[in-house]
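In: quick one, structure for this:
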Amino acid sequence: MVTDTRRVRRTDPGEPDDCPVFTLHKAFVPKEAREDIARGCRTAGIGCRDCKAVLLEHLFRFLEPVWERRRALEKNPERIWEIFEAGNSRARRVAQATMAEVRDALGF
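Out: Modelled structure (predicted):
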C-alpha cells in the first residue's frame, strides 16, 4: 500500500494525516500507540514498514475473533446452512411486505 508520497527515503519526515495507512491506524490502533506512530513518522524516527507492522499487529488482533468464528463454522457446515436459511426467511418476509406495498400503490 502506498504511504506518504513525500517520504522518498527512510530519513525523510512524513505527514501521517496525508497517509492512507495512518487512516487505518485511526480505525484499529489505540490512541496512545497511534500518537507514537505519528510522532515517529513526522520525525523520521520510524519508517513506513514499521508503521505498517504496527497496523498489522492491531488489525490481526481485531480480526482474530472473526477468524475464530469462521474456523468454528467450517467445522459445522450444517450450521452455515441454518444461518443461510434463517437469513433467507427474514429476507423473504421483508420482500413480500415490500411487494405488497408496491402492488397496493400500483392498484394491483
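
In: switch to C-alpha atoms for all contacts and neighbour counts from now on
Out: OK.

In: where exactly do the helices run in this protein?
Out: Along the chain, the stretches classed as helices by DSSP state H are 20-28, 31-42, 48-74, 77-106.

In: and the last one with helix 48-74, angle?
Out: Which is helix 77-106. 90 degrees (axes from the mean of the first three to the mean of the last three CA atoms, to 10 degrees).

In: what is helix 77-106 packed up against?
Out: Applying 3 or more CA pairs under 8 Å, 6 or more residues apart in numbering; DSSP states H and E, one finds that helix 77-106 contacts no other helix or strand.

In: and that helix, which residues are buried?
Out: For helix 77-106, a neighbour-count test (16 or more other CA atoms under 10 Å) marks nothing as buried.

In: indicate which one of the helices of the chain is closest to Arg7.
Out: Taking CA to CA, helix 48-74 is the member of these nearest to Arg7, at 8.4 Å.

In: mind listing what's buried in the closest one?
Out: 48, 51-52, 55-56, 59.

In: and if you look at stretch 28-42?
Out: 28-29, 34, 37-42.

In: please save the CA atoms from it in PDB.
Out: C-alpha atoms of stretch 28-42 as PDB (Å, rounded to 0.1, in the frame of the first residue of the first chain):
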ATOM      1  CA  PHE A  28      -7.600   0.000  14.500                       C
ATOM      2  CA  VAL A  29      -4.800   1.300  16.700                       C
ATOM      3  CA  PRO A  30      -5.300   2.700  20.200                       C
ATOM      4  CA  LYS A  31      -4.800   6.400  20.600                       C
ATOM      5  CA  GLU A  32      -1.500   6.300  22.600                       C
ATOM      6  CA  ALA A  33       0.200   3.900  20.100                       C
ATOM      7  CA  ARG A  34      -1.200   5.900  17.200                       C
ATOM      8  CA  GLU A  35       0.300   9.100  18.600                       C
ATOM      9  CA  ASP A  36       3.700   7.400  18.900                       C
ATOM     10  CA  ILE A  37       3.400   6.300  15.300                       C
ATOM     11  CA  ALA A  38       2.500   9.800  14.200                       C
ATOM     12  CA  ARG A  39       5.400  11.300  16.100                       C
ATOM     13  CA  GLY A  40       7.800   8.700  14.700                       C
ATOM     14  CA  CYS A  41       6.600   9.400  11.200                       C
ATOM     15  CA  ARG A  42       6.900  13.200  11.500                       C
END
